[in-house]
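>>> Sequence and computational prediction follow.
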Amino acid sequence: MDQQVATVHDIFPHIRIVMGMVIGLGVTRLLSGVARIVQHPKQYRLYPVHLAWVASVLLMLVHFWWWEFGLYQIENWTFGKYLFLIIYAVALFLLCALLFPDSMQDYRSYEDYFYSRRAWFFGLLATTYLLDVIDTLLKGEAHFAHFGSEYLFRTPVFVALCIAAILMRNRYFHMVFVALALIYQVSFILRLFDTIA
C-alpha cells in the first residue's frame, strides 16, 4: 500500500479550519449578544465601556483570522504548535463569553456585570497579548523582527494596563483604556497588517 506524506499545504488548511470553528463561535457569541441588546434594549442598562470592549474583541477576532494566514510559512507542524494555536483561539473565545454571559439575571446592568468579571476578562486579555508573542515567534524571526521595537514595547505596556484594570474599578481609567486600546488596535492593523504578504 502506498503511503502518502502530508505536505504543509495539506496540513495548514486543516489547522485553519479547526481554528476557524473556535473563532466562529466567538464571533457568534458577540453578534448574538449585540442582537440581544438590539432586540431588548431596555432589559439591562448598557455601559459604553463594555460595548467598546465588545467592538475591540470583535476586531481582535477578525484580525486574528486575517493574520493567522501567516502560518502558511511554517514548514514543520507539530502537535504542540497545533495545540498552542487552539489554546490561543479558545482564550479569544472565552473573552467573548465573558463579555456576554449566558444569563444576566444576577446583575442590574452591563456595567455591574463587567466590573464583577473584570479580573477574568483582563486576565485573559493580558494572556492573549502574551500568547501573541509566541504566535509571532512561531512565524519566524523575520516575521517577529518586522514589528520592531514597537512590538516589544506594546506587549508589556498592555499587560501592565490589564493588571491595572484588574485592580482598579475607576470608570475614567476604564473609559480611557478601552478608547486608547481601540485607537491603537486600528492603527496597528492598518500600519502593519493591511496586506497579508
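Structure's in. What do you need?
>>> Where does pLDDT dip in this structure?
Scanning the chain with the threshold set as pLDDT under 70 gives 1-9, 194-197.
>>> top helix in it by residue count?
Longest helix in the chain by number of residues (criterion: DSSP state H): helix 8-39.
>>> name the helices or strands packed onto it?
helix 48-67, helix 79-99 (3 or more CB pairs under 8 Å, 6 or more residues apart in numbering; DSSP states H and E). C-beta coordinates here come from the backbone N, C-alpha and C atoms, glycine included.
>>> Quick one: neighbours of Ala97, just the number.
17 (other CB atoms under 10 Å).
>>> So it sits against Leu30, correct?
No - contact criterion CB atoms under 8 Å: Ala97 and Leu30 do not qualify, at 9.6 Å.
>>> Who are the contact partners of Phe64?
Contact analysis of Phe64 by CB atoms under 8 Å, 6 or more residues apart in numbering lists 23, 88-89, 92.
>>> Any chance of TSV for those residues, columns distance to His63 and neighbour count?
Shown next, in TSV, are the contacts of Phe64 (distance: CB to CB, whole Å; neighbours: other CB atoms under 10 Å):
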residue	distance to His63	neighbour count
Ile23	10	23
Tyr88	13	22
Ala89	13	24
Leu92	10	25
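>>> In those residues, find the pair that's most separated.
Ile23 and Tyr88 (9.9 Å; CB to CB).
>>> ok, the closest residue to Arg45 other than its chain neighbours to Leu180 distance?
Excluding its sequence neighbours, the residue lying closest to Arg45 (CB to CB, 6 or more residues apart in numbering) is Ser109, at 3.7 Å. Ser109 sits 24 Å away from Leu180, going by CB to CB, to the nearest Å.
>>> can you check Tyr44 too?
Tyr44 is 26 Å from Leu180, by CB to CB.
>>> So which of these two has more stuff around it?
Remark: of Tyr44 and Leu180, Tyr44 carries more neighbours, 18 against 12, as counted by other CB under 10 Å.
>>> Now do the same contact list for the more buried one.
By CB under 8 Å, 6+ apart, the residues touching Tyr44 are 104, 107-110, 113.
>>> Identify the residue spatially nearest to Leu92, adjacent ones excluded.
Distance criterion CB to CB, 6+ apart; nearest residue to Leu92, sequence neighbours excluded, is Gly26 at 5.5 Å.
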